[in-house]
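>>> Quick one: sequence and predicted model below, then my questions.
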Amino acid sequence: MQNKDIPNLLELQKIENKIHERHHNIEGHKKRIEHINNQIKKRKELLIKNEEDLETHKSELKKKEKVLFNLEEKKKKSNEHYKVAKSQIEVEALEKELKDLSPSIEALEDEILELLDSIDECEAKIKDGQNFLKGSKDTKEEIEKEVNEDIYDDEHAISVFQKKEDSFLELLSSEAKSLFNGLKARYKSKEFITNVEKGKCKGCFYMLPSHLVESIYRGINIECCPSCQRILAPDLD
Ligand SMILES: [Zn+2]
């Protein structure tokens, strides 16, 4: 009597492959969300850094402007004193003071200009970051909606396949069922049943003894590969 388990096991393998594919899809959908969440996290961190930099630059600017103001006041006063200086010694001292003040003031003015540029740069980056985050909120919601729909579809398909699988499982002999369960776990649902090809197991390429190949083609008993234990089906092509 021909063994009926083999065709059913082949069908079960097809179903398992489809379930596996759907699980793989679900992982892919979840990765889309992970990717956008990572991007948002990175941009948020960058925004915080830009805001901190801006505060640092602003407080530095304030300090330097204060120093500049004091130096300029000092210069103004020295100039006034210079105009009314009486003695030669006084004139020379004030001239020296004014001469010394000018480079400090110029250097400070340069530093302030640089700081103002940095502040502009920071503000542009912050604006860019805020725009990105504002836009990504909508994008994230859209992607989440899509992803949830895709996951729902895949999960629904899996439940349909599982029902189909249950109906095939009912048809199996107890020997085939226990082989199926054991091998399914061992091979993580992939290729628990394989074909004989040119006398070899297609799963592990083990050269099968000829009496085993004959038995597989007679199709009365369920035969397993002595090397990888996969169930062997005849190559029907
Ligand atoms: Zn094998």
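Yep, it's here.

>>> List of residues touching stretch 33-52?
122, 125-126, 129-130, 132-133, 136, 139-140, 143-144, 147 (CB atoms under 8 Å, 6 or more residues apart in numbering). Quick note: C-beta positions are derived from backbone N, CA and C, even for glycine.

>>> Quick one: low-confidence residue ranges for the protein.
1, 236-237 (pLDDT under 70).

>>> again, only using 80
1-2, 188-189, 236-237 (pLDDT under 80).

>>> and it, which of its residues are near the ion?
Within the chain, the positions near the ion by CB under 5 Å from the ion are 201, 203-204, 206, 225, 227-228.

>>> now the helices: where do they sit in this structure?
Using DSSP state H, the helices of the chain run over residues 5-83, 88-171, 174-186, 210-218.

>>> Pipe those helices into JSON lines and attach distance to I193 and mean neighbour count per row.
Formatted as JSON lines, the helices of the chain follow (distance: least, CB to CB, whole Å; neighbours: other CB atoms under 10 Å):
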{"stretch": "helix 5-83", "distance to I193": "5", "mean neighbour count": "15"}
{"stretch": "helix 88-171", "distance to I193": "12", "mean neighbour count": "14"}
{"stretch": "helix 174-186", "distance to I193": "8", "mean neighbour count": "15"}
{"stretch": "helix 210-218", "distance to I193": "11", "mean neighbour count": "14"}
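
>>> nearest to P234, of the ones you listed?
helix 210-218 (5.0 Å; CB to CB).

>>> and the angle for the closest one with helix 5-83?
Angle of helix 210-218 versus helix 5-83, following axes from the mean of the first three to the mean of the last three CA atoms, to 10 degrees, is 100 degrees.

>>> same for helix 210-218, what does it pack against?
strand 193-197, strand 223-224, strand 231-233 (3 or more CB pairs under 8 Å, 6 or more residues apart in numbering; DSSP states H and E).

>>> winner for burial among these?
Most buried of the helices and strands packed on helix 210-218, by mean neighbour count (mean count of other CB atoms under 10 Å): strand 231-233, with a mean of 24.

>>> in its sheet, what does that one sit against?
Using DSSP bridges, strand 231-233 pairs in its sheet with strand 193-197 (parallel), strand 223-224 (antiparallel).

>>> between those, which one is nearest to A233?
Going by CB to CB, the one of the strands paired with strand 231-233 nearest A233 is strand 193-197, 5.4 Å.

>>> who touches the closest one?
Here strand 193-197 has contacts from 6, 9-10, 12-13, 183, 201-203, 208, 213, 216-217, 225, 230-236, using CB under 8 Å, 6+ apart.

>>> that older thread, which one of the contacts of stretch 33-52 is nearest the ion?
Set against the ion, the nearest of the contacts of stretch 33-52 by CB to the ion is V147 (38.7 Å).

>>> Please report the distance of the residue nearest to the spatial centre of the chain from E170.
Of all residues in the chain, the one closest to the mean position by CA atoms, centre = their mean is H35, 3.7 Å from it. For H35, the distance to E170 equals 42 Å [CB to CB, to the nearest Å].

>>> again with G182
Distance from G182 to E170, by CB to CB: 18 Å.

>>> Repeat that for Q39.
Applying CB to CB to Q39 and E170 gives a distance of 48 Å.

>>> Kindly report the same for Y217.
27 Å.

>>> now swap in P209 and tell me
Distance from P209 to E170, by CB to CB: 33 Å.

>>> again, but for S227
Counting by CB to CB, the gap from S227 to E170 is 31 Å.

>>> Next: C228.
To E170, C228 is 27 Å away according to CB to CB.

>>> Likewise for N181?
14 Å.

>>> Alright, I will stop here.
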